[in-house]
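> sequence first, then the predicted structure, then my questions.
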Amino acid sequence: MSFYSLIYFVISFLNEDVSQWFAKQVSTKPAGIFLVVIAVIFYFIWLSEIIPAILINATPKSIVESGLLVNPVHVLDIAICLPALIITGVALIKKKSIGFLLVPTMMIFCIFMAIAIADMVFVMKAKGLETNLSLAIIFGMITLTSSLFLFQYLRKLKL
């Protein structure tokens, strides 16, 4: 339901000049670049596991460990989430309406994704599983940065 609501929202406002919703000229480049960089980093992480496995005709370790046919996180990220981050980031840099419309959604996605991954690191550590606590710090920084960009963006909306 939320996905279709988002699609309806975007279609409803696509022909409007969304930049007029802001009291001042909102800075779009830093937030747009941030979204693209986050997507590229995750593409690199996921493909650094997938491509070597394909080259040696093996199954990636995460798939073997999960006991599934595919890693659903890889599928959702590579097919939907990461392209959405890049499209939104580039559109925001170019000051297109779709970028202005989707940046709050994408920043909130980054916040929740980073919190979830950081929490998984702590839970794995608490259960005695092998994990790297520095990941929690990195994802904490992503949460903070995404929150700051979101706050900076939303505070310039005309009310």
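Cool, the structure landed.
> next secondary structure after the least confident helix or strand in the chain by mean pLDDT?
Across the helices and strands of the chain, mean confidence by mean pLDDT, DSSP states H and E is lowest for helix 61-66: a mean of 79. Next helix or strand after helix 61-66 toward the C-terminus (DSSP states H and E): helix 72-76.
> what does that next one rub up against?
If you take C-beta atoms under 8 Å, 6 or more residues apart in numbering as the criterion, helix 72-76 is touched by 46, 49-50, 62. In short, each C-beta sits where N, CA and C put it, glycine included.
> return the set of buried residues in the next helix-or-strand element following that helix.
Next in sequence after helix 72-76, counting helices and strands by DSSP H and E, comes helix 82-93. For helix 82-93, burial by neighbour count (16 or more other C-beta atoms under 10 Å) applies to 82, 84-93.
> show me where pLDDT drops low in this protein?
Along the chain, the parts satisfying pLDDT under 70 run over 23-24, 159.
> by contact count, what packs against the strand or helix carrying residue 54?
Element membership of residue 54, judged by DSSP H and E, is helix 29-55. On a contact count with 3 or more C-beta pairs under 8 Å, 6 or more residues apart in numbering; DSSP states H and E, helix 29-55 meets helix 61-66, helix 72-76, helix 82-93, helix 97-126, helix 134-154.
> right, I'll call it a day here.
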